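Undergrad: A structural model of the following input is requested.
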Amino acid sequence: MFKNLGVVGGCLCFIDGNFSDYNELWVMTDYGVQGSWVKQCVLKKALYGWLLHGDYEFIKLRSGELLLLRGQKEIGYYNPTEDTFRPITIDGIPRVEFRVIVQMGSLFSPKNVHKLRKR
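TA: The predicted structure is shown next:
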């Protein structure tokens, strides 16, 4: 049983693992407003047992699914609407280590970064 803070979709999130058979994912939709916490989803132990042990990270995708990463070995998609989980596997490659890299769009070109540093 654990509790964890993180970020989902740019919002503060709280994972409440204080239950024996599931975890709750809560999201603060209006930062700093205590009454803006919304329960995003419930992860059930029977379906997602590995999620209930240890820390894991979430990344909210445009589709509404969550990309879940536990350590560097277990990764998959969770659909909170359908309450389904799809593990990501790579054919022909046994267990590999994953590293999640979040990339965001920018108005700055990498070739102009040196100009910004000279100011």
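Undergrad: Lys44 contacts Glu24, doesn't it?
TA: No - the pair Lys44 and Glu24 does not pass the contact test of CB atoms under 8 Å, sitting 10.7 Å apart. Backbone N, C-alpha and C define where each C-beta goes, glycine included.
Undergrad: and the nearest residue to Gly64 once chain neighbours are set aside, how many residues sit next to it?
TA: In this structure, Gly64 finds its nearest non-sequential neighbour in Thr81, 6.5 Å apart by CB to CB, 6 or more residues apart in numbering. Around Thr81 there are 9 other residues, counting by other CB atoms under 10 Å.
Undergrad: Report pLDDT for Thr81.
TA: Thr81 is assigned 81 on the pLDDT scale.
Undergrad: Also Trp50?
TA: On the pLDDT scale, Trp50 gets 54.
Undergrad: for Tyr77, same thing?
TA: pLDDT, Tyr77: 85.
Undergrad: Quickly find the element holding it.
TA: According to DSSP states H and E, Tyr77 maps onto strand 74-79.
Undergrad: For that strand, buried residues please.
TA: Of the residues in strand 74-79, those buried by neighbour count under the rule 16 or more other CB atoms under 10 Å are Glu74, Ile75, Gly76, Tyr78.
Undergrad: Could you list everything the second one pairs with in the sheet?
TA: With DSSP bridges applied, Ile75 shows beta-bridge pairing to Leu69.
Undergrad: just checking, it touches Leu69?
TA: Yes - between Ile75 and Leu69 there is a contact under CB under 8 Å: 5.0 Å.
Undergrad: worst-scoring helix or strand of the protein, pLDDT-wise?
TA: helix 45-48 (a mean of 60; mean pLDDT, DSSP states H and E).
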